[in-house]
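In: using only what follows, build the 3D model:
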Amino acid sequence: MKHLIIATALAVVSGMLTLGCAQPPDTTVDLATVASLDLKRWQGSWFELARIPVPIGRDWVNTVETYTPREDGTYSVAYTGHAGAPDGPAKSLNQRLRIPDSSRPGEMKVSFLPLVWLQYRLIYMAEDYRFMLVTGSSRNFLWLMGRDKVPAPEDYAKLVERAASMGFDVARLERVRQE
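Out: A predicted model of the protein is given here:
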């Protein structure tokens, strides 16, 4: 009986820890992703305007993400830039992107390591397909992307305002140098 009580207690504690870890306080699960997406208009090159810094590409400038369709229905994603300065060493990260459920096109998965797929959430797309906001599974990830290297100040301010309204800490945003 004592072993059964200990096993039950461990199962309850384990379950509580799992539930506690499943949805951290900064999760993006409450954010709607885009409900429809014209993939032909979306694909192509997007300049990284600002980001909440992450280790990969942290000091890169002139960064561009290019989405190219593949025959298998996935996308090749080339993330390119220069380390430290516009004349710094050229850098690149090649990824693969898939949309697991075509009825939810903003819910994407991206992989830069074999067999490892991370959440990639398209949470805003401008009607004219000039700007988008992308996040991951937490609000510690945010990318402001645009079709132009340097957007008009009012357009950039609207993107930042939209991100703030979604609960992102926009004080953490780092503007990406684009020249």
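In: for stretch 147-164, the averaged confidence score.
Out: Mean pLDDT, stretch 147-164: 97.
In: residues in contact with it?
Out: 45-47, 49-50, 62, 124, 129-131, 133, 142, 144, 146, 170, 173, 178-179 (Cβ atoms under 8 Å, 6 or more residues apart in numbering). C-betas here are computed from N, CA, C, even on glycine.
In: pLDDT below threshold where in the chain?
Out: 1-25 (pLDDT under 70).
In: contacting residues around the closest residue to R175 other than its chain neighbours?
Out: Of all residues not flanking R175 in the chain, A50 sits nearest, at 5.0 Å (Cβ to Cβ, 6 or more residues apart in numbering). Residues in contact with A50 (Cβ under 8 Å, 6+ apart) are 143-144, 156, 159-160, 173-176.
In: list buried residues within those.
Out: 143-144, 156, 159-160, 173, 176 (16 or more other Cβ atoms under 10 Å).
In: can you list the residues you listed in a markdown table and add distance to L118 and secondary structure?
Out: What follows is these, written out as a markdown table (distance: Cβ to Cβ, whole Å; DSSP: H, G, I helix; E, B strand; the rest coil):
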| residue | distance to L118 | secondary structure |
| --- | --- | --- |
| W143 | 13 | strand |
| L144 | 19 | strand |
| Y156 | 26 | helix |
| L159 | 23 | helix |
| V160 | 24 | helix |
| L173 | 20 | coil |
| V176 | 20 | coil |
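In: CSV for these, including distance to N94?
Out: Shown next, in CSV, are the buried ones among the contacts of A50 (distance: Cβ to Cβ, whole Å):
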residue, distance to N94
W143, 17
L144, 22
Y156, 28
L159, 26
V160, 29
L173, 26
V176, 19
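In: F168: neighbour count?
Out: 24 (other Cβ atoms under 10 Å).
In: make sure it is actually in contact with F141.
Out: No - if you go by Cβ atoms under 8 Å, F168 and F141 don't touch, sitting 9.3 Å apart.
In: which neighbours do the two share?
Out: 52, 135.
In: contacts for the helix or strand hosting Y67, please.
Out: In the assignment (DSSP states H and E), Y67 maps to strand 60-69. With contacts defined as Cβ under 8 Å, 6+ apart, strand 60-69 is touched by 39, 42-48, 57, 75-86, 88, 91, 97, 145, 149, 176-179.
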